[in-house]
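A.B. asks: A structural model of the following input is requested.
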Amino acid sequence: MYKMRKELQPTLSLDSLKHRDELAVLLEGLNASLPQLIADHPDSADFMPLFADKADAIARQADVADHPWLMHRLDTLLQKNGIHDDEYLPPHDLL
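C.D. replies: As a prediction, this is how the structure comes out:
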């Protein structure tokens, strides 16, 4: 399961947070980029930091109440692109 790093929790004001429909558009863009990102970085040590940076950039724009929904969507994106069983998660001390 994808987990956002603690140091990257949302820092935007409530007025600048995105609604789920706006977040869904960002997730669609991330989903579209994943096949190429995976092909360019097949090693998990290379892929996961890049994915995490992109996912965290989206998560910082989400209200904390939307994080469970967002994390589920991120997990689903990984699974749809053939990444299963936490194979690309960073070590727990980096979470």
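A.B. asks: ok, longest helix in the chain?
C.D. replies: When the chain is parsed with DSSP state H, its longest helix is helix 20-40.
A.B. asks: so where's the protein uncertain?
C.D. replies: The model of the chain has pLDDT under 70 over residues 1-15, 84-95.
A.B. asks: and the residue most central in space within it, what helix or strand is that in?
C.D. replies: Of all residues in the chain, the one closest to the mean position by C-alpha atoms, centre = their mean is Ala55, 2.6 Å from it. Using DSSP states H and E, Ala55 sits in helix 44-59.
A.B. asks: about what we covered before: now the residue nearest to the centre of the chain. Nearest residue, chain neighbours left out?
C.D. replies: Leaving aside its chain neighbours, Ala55 sits nearest to Leu74 (5.2 Å; criterion: C-beta to C-beta, 6 or more residues apart in numbering). The C-beta positions use only the backbone N, C-alpha and C, and glycine is treated the same way.
A.B. asks: what about Gln48, neighbour count?
C.D. replies: Slight slip there: residue 48 is Met, not Gln. Using other C-beta atoms under 10 Å, the number of residues around Met48 comes to 20.
A.B. asks: Ile38 too?
C.D. replies: If we define neighbours as other C-beta under 10 Å, then Ile38 has 17 of them.
A.B. asks: swap in Pro35?
C.D. replies: 11.
A.B. asks: rewinding a little: report the separation between the residue nearest to Ala55 and Asp21.
C.D. replies: As judged by C-beta to C-beta, to the nearest Å, Leu74 and Asp21 stand 17 Å apart.
A.B. asks: The two: who's more crowded?
C.D. replies: Legend: neighbour count by other C-beta under 10 Å for Leu74 and Asp21, higher for Leu74 (24 against 7).
A.B. asks: That one falls within a helix, correct?
C.D. replies: Yes: per DSSP: H, G, I helix; E, B strand; the rest coil, Leu74 lies within a helix segment.
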